[in-house]
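Chemist: Quick check, what structure comes out for this input:
(one chain, ligands or ions: 2)
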Amino acid sequence: MAQIIAIANQKGGVGKTTTTLNLAYSLHNMGLKVLTVDFDSQANLTTCFGVEAPNEIETNIADLMMLMMDEKELPEPKSYVLSHDGVDFIPSSISLSVIDAKLRLEMGAEQMLAGILEPLRDEYDYILIDTCPSLGSLTINALAAADKVIITVNPQLLAMMGLQDFMKTVKKIKKRINTKLEVSGILLTMCDSRTNLCKILKEQVYDEYNKVVPVFKTSIPATIKVGESIYYGMSIQQYSPKATAGIAYREFAKELVAL
Ligand SMILES: Nc1ncnc2c1ncn2[C@@H]1O[C@H](COP(=O)(O)OP(=O)(O)O)[C@@H](O)[C@H]1O
Ligand SMILES: [Mg+2]
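Modeler: Ligands and ions are numbered 1, 2, ... in the order given. All right, here's what the predicted structure looks like:
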């Protein structure tokens with residue numbers, strides 16, 4: 001039965017989508033069956049899987065959320081689960097922003113995504129949810145569906161600020177909606193280990209947070225290959241197997257599986 005992991009942080013540009021994509025391929029390369037869910041209306045992850053016009057896909061995650069809210073039956077998974085080089089994904093589109101607004105008006109609608117993913121659990125080893133940069137109703141739905149959450153942090157963006165708010169939200173969700181939710185750990189992304197600043201910031205993160213939540217041993221180096229691989233619609237492993245970030249994502253996947 002799949003473990004469901006949300007990749008989250010209410011800040012944008014901290015490597016959530018990049019981590020979802022590359023973790024998915026690293027797990028796939030380890031022989032594991034992975035489903036990813038694009039749960040951001042910007043549909044960046046969907047684009048990373050080579051979909052050029054996400055708004056033209058017949059059934060996306062927003063449609064499924066709509067059906068759930070209207071208490072209608074969902075179609076067969078094969079009609080909405082797409083696949084790219086061995087990794088399955090449920091696409092997103094801009095219409096997810098409408099769902100965000102609707103969820104806010106609806107009572108007790110925190111478990112809609114959980115309801116969509118629960119029947120898919122048996123088919124996979126891991127289900128990874130790429131979340132949007134907010135602490136709003138979509139992220140709450142993602143955290144309500146998840147067993148674990150990985151918090152991606154770009155130390156150079158001072159992304160540590162705001163982490164307290166995020167942790168508070170996790171605590172509330174654990175208490176009120178989803179008792180099984182655990183923070184898997186903080187993953188440092190885009191670390192330029194050649195710079196002193198990055199080293200200092202990394203130490204700061206460890207000092208401040210390692211007592212509260214684990215910080216993963218592996219951190220992801222910054223490399224332009226990441227941007228290039230996304231441009232060509234590939235994972236970093238496919239695009240440039242020897243790239244430092246690709247090696248780091250492989251290490252990270254191993255660390256995660258061993259937890
Ligand atoms: N390890 C990395 N090295 C260099 N650039 C990266 C790395 N990880 C992500 N990026 C770039 O940073 C930007 C933001 O990353 P993204 O994963 O989209 O963040 P988020 O989903 O949190 O908004 C993207 O342009 C991406 O290509
Ligand atoms: Mg993103």
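
Chemist: Tally up the residues packed near Gly15, please.
Modeler: Here the neighbour count serves as a burial measure; for Gly15 (other C-beta atoms under 10 Å) it reads 23. Where C-beta positions appear, they are placed from N, C-alpha and C, glycine not excepted.

Chemist: Please report how far it lies from Gly227.
Modeler: Plainly put, Gly15 is 12 Å away from Gly227 if you go by C-beta to C-beta, to the nearest Å.

Chemist: and what of Met112?
Modeler: 33 Å.

Chemist: residue farthest from the centroid of this protein?
Modeler: When distances to the mean C-alpha position of the chain are computed (C-alpha atoms, centre = their mean), the maximum falls on Asn196, with 28.8 Å.

Chemist: Could you find the closest non-adjacent residue to the residue in the stretch 51-200 of the chain that ligand 1 sits nearest to?
Modeler: Here the stretch 51-200 of the chain gets closest to ligand 1 at one residue, Met190, 4.5 Å apart by C-beta to the nearest ligand atom. Taking C-beta to C-beta, 6 or more residues apart in numbering as the measure, Met190 lies nearest to Ala222, with 4.3 Å between them; neighbours along the chain are not counted.

Chemist: ok, now Asn141?
Modeler: Nearest in space to Asn141, with sequence neighbours left out and distances taken as C-beta to C-beta, 6+ apart, is Leu113 at 4.3 Å.

Chemist: Can you name the next helix or strand after the one helix or strand the one you found maps to?
Modeler: Under the criterion of DSSP states H and E, Leu113 resides in helix 112-117. Following helix 112-117 in sequence order, the next helix or strand is strand 126-131 (DSSP H and E).

Chemist: Let's see the helix or strand that that following strand is followed by as CSV, backbone CA atoms only.
Modeler: Scanning forward in sequence from strand 126-131, with DSSP H and E defining helices and strands, the next element found is helix 137-145. These are the backbone C-alpha positions of helix 137-145, laid out as CSV (Å, rounded to 0.1, in the frame of the first residue of the first chain):
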residue,chain,number,x,y,z
SER,A,137,-7.6,25.1,1.4
LEU,A,138,-5.7,23.2,-1.3
THR,A,139,-2.6,22.7,0.9
ILE,A,140,-4.9,21.7,3.8
ASN,A,141,-6.5,19.1,1.5
ALA,A,142,-3.0,17.8,0.5
LEU,A,143,-2.0,17.5,4.2
ALA,A,144,-5.2,15.8,5.1
ALA,A,145,-4.5,13.2,2.4
